[in-house]
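Novice: Next input, structure requested:
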Amino acid sequence: QVQLVESGGGLVQAGDSLRLSCAANGRTFNRYWAGWFRQTPGNEREFVALISAFGGGGTLYAASAKGRFTISKDNAQNTVFLQMNSLRPEDTAVYYCAAHTSGSTRARDYPYWGQGTQVTVSS
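Specialist: Alright, predicted model coming up:
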């Protein structure tokens with residue numbers, strides 16, 4: 001069982017940056033791929049980024065995140081980060097961290113989820 005806790009969301013202006021964190025309790029994070037997803041009211045969870053179990057170069061980004069967001073992983077701290085730069089109003093959503101034993105861009109493949117953190121970007 002992996003328990004995930006996100007933090008770092010908030011209200012920012014367009015063009016600002018935020019760094020989201022996802023701390024894993026329980027099993028060590030280096031056995032799991034980690035993904036970030038986001039969700040707006042009335043919509044399904046949307047893939048944002050993922051990183052491989054061992055971190056490093058094994059990353060994948062949604063087109064909307066590429067070039068602005070960076071996912072990273074500190075296995076020693078059992079934490080995954082999402083650095084978000086040049087934020088836009090359309091990035092406003094609840095952001096969720098998820099863990100899986102293999103990589104996937106589909107939310108339904110992930111068995112472990114955090115509670116989510118709200119990111120609001122004003123214009």
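
Novice: Please list all residues in contact with residue 105.
Specialist: 35, 47, 50, 60, 62 (C-beta atoms under 8 Å, 6 or more residues apart in numbering). From N, CA and C alone the C-beta is placed, and that goes for glycine too.

Novice: got a list of what the residue nearest the centre of the chain touches?
Specialist: Per C-alpha atoms, centre = their mean, the C-alpha nearest to the average position across the chain is that of residue 36, at 2.5 Å. With contact taken as C-beta under 8 Å, 6+ apart, residue 36 is in contact with 20, 22, 48, 49, 50, 71, 80, 82, 95, 96, 97, 98.

Novice: Pretty sure it sits in a helix.
Specialist: No. Looking at residue 36 with DSSP: H, G, I helix; E, B strand; the rest coil, it is strand, so not inside a helix.

Novice: Apart from its neighbours in sequence, what residue is nearest it?
Specialist: residue 48 (4.3 Å; C-beta to C-beta, 6 or more residues apart in numbering).

Novice: Could you check how many residues crowd around that neighbour?
Specialist: 24 (other C-beta atoms under 10 Å).

Novice: where does it fall, helix, sheet strand or coil?
Specialist: strand.

Novice: out of the contacts of residue 105, who has the most neighbours?
Specialist: Neighbour-wise, the contacts of residue 105 (other C-beta under 10 Å) top out at residue 35, 29 neighbours.

Novice: Run through the bridge partners of that residue.
Specialist: Assessed by DSSP bridges, residue 35 has beta-bridge partners residue 50, residue 98.

Novice: cool, residue 6 as well?
Specialist: Beta-bridge partners recorded for residue 6 (DSSP bridges): residue 22.

Novice: Check the one 5 residues further on too.
Specialist: Note on residue 11: beta-bridge partners residue 120, judged by DSSP bridges.

Novice: Could you do residue 71 as well?
Specialist: Applying DSSP bridges, one finds that residue 71 bridges with residue 82.

Novice: State the distance from it to residue 11.
Specialist: As judged by C-beta to C-beta, to the nearest Å, residue 71 and residue 11 stand 22 Å apart.

Novice: Alright, I will stop here.
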